[in-house]
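Visitor: Provide a 3D model corresponding to the input given below.
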Amino acid sequence: MPAVKRATAPTDATFAITRVFEAPLSLVWTAWSEADGLKAWWGPKGCTIETASLEFRPGGFFHYNMRFANGTEWWGRFLYREIGPRERIRWLNSFSNAGCGITRAPFDAPIPLEVLNDVTFTERGGKTTVSLRATPHGATEEEIAAFGAMHGGLQQGYGGTFDQLAKVLARG
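Guide: Residues are numbered from 1 along each chain as shown. Now for the predicted structure:
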């Protein structure tokens, strides 16, 4: 059986989104770093997040369950790689099972098992800019191509997720 060819993600496979929030960095950071904050806004619109665990430290996990109105449940996890307080968070994002093991996405596209996310935070005049870059990690050429083809969906998905974050931040 031939070996699966792994590739380094080309620059064009990287997805990027930036949003300016009408909130100070301290409030935005709390929304990204605490379980109650994350479950209030993370995930697709219309789902409820149940936090199984949050260890907000390099090497720690955010393990969560996304529950949809139709009864569907999808597990996910972050494996935190780097945390620069109030500056940067880098994590590997993947779908998972209830035991926090990596699983394939619950839909047909051959997306990467893991995506490296790098988010930076900057504050100016009481507003916080959040810039996120997502790149396939340890992916096959087919998975990288599938990820690149998903950029429109990722723009819509992250856009909706960031809209939810904006609403949470507006409540203070």
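
Visitor: going by C-alpha atoms from here, please, whenever you check contacts or count neighbours.
Guide: OK.

Visitor: tell me how far the longest helix belonging to the chain is from the chain's mean position?
Guide: For the chain, the helix with the greatest residue count under DSSP state H is helix 151-171. Put simply, helix 151-171 sits 11 Å off its chain's centre (C-alpha atoms, centre = their mean, to the nearest Å).

Visitor: could I get the average pLDDT for it?
Guide: For helix 151-171, mean pLDDT rounds to 94.

Visitor: show me the strands in the chain, by range?
Guide: With DSSP state E applied, the chain shows strands at 15-21, 47-54, 61-68, 73-84, 88-96, 102-103, 114-124, 127-137, listed in chain order.

Visitor: what would the ones you listed look like in JSON lines with mean pLDDT and mean neighbour count?
Guide: Conversion of those to JSON lines gives the following (pLDDT from 0 to 100; neighbours: other C-alpha atoms under 10 Å):
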{"stretch": "strand 15-21", "mean pLDDT": "97", "mean neighbour count": "17"}
{"stretch": "strand 47-54", "mean pLDDT": "96", "mean neighbour count": "18"}
{"stretch": "strand 61-68", "mean pLDDT": "97", "mean neighbour count": "22"}
{"stretch": "strand 73-84", "mean pLDDT": "98", "mean neighbour count": "20"}
{"stretch": "strand 88-96", "mean pLDDT": "98", "mean neighbour count": "22"}
{"stretch": "strand 102-103", "mean pLDDT": "96", "mean neighbour count": "16"}
{"stretch": "strand 114-124", "mean pLDDT": "98", "mean neighbour count": "19"}
{"stretch": "strand 127-137", "mean pLDDT": "97", "mean neighbour count": "20"}
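
Visitor: in stretch 142-162, which residues are buried?
Guide: Applying a neighbour-count criterion of 16 or more other C-alpha atoms under 10 Å, one finds 142-148, 150, 154, 158-162 buried in stretch 142-162.

Visitor: next, count neighbours for the residue lying closest to Leu165 once chain neighbours are set aside.
Guide: Distances taken as C-alpha to C-alpha, 6 or more residues apart in numbering put Trp41 closest to Leu165, at 5.1 Å, once the chain neighbours are dropped. Residue neighbour count, defined by other C-alpha atoms under 10 Å, stands at 24 for Trp41.
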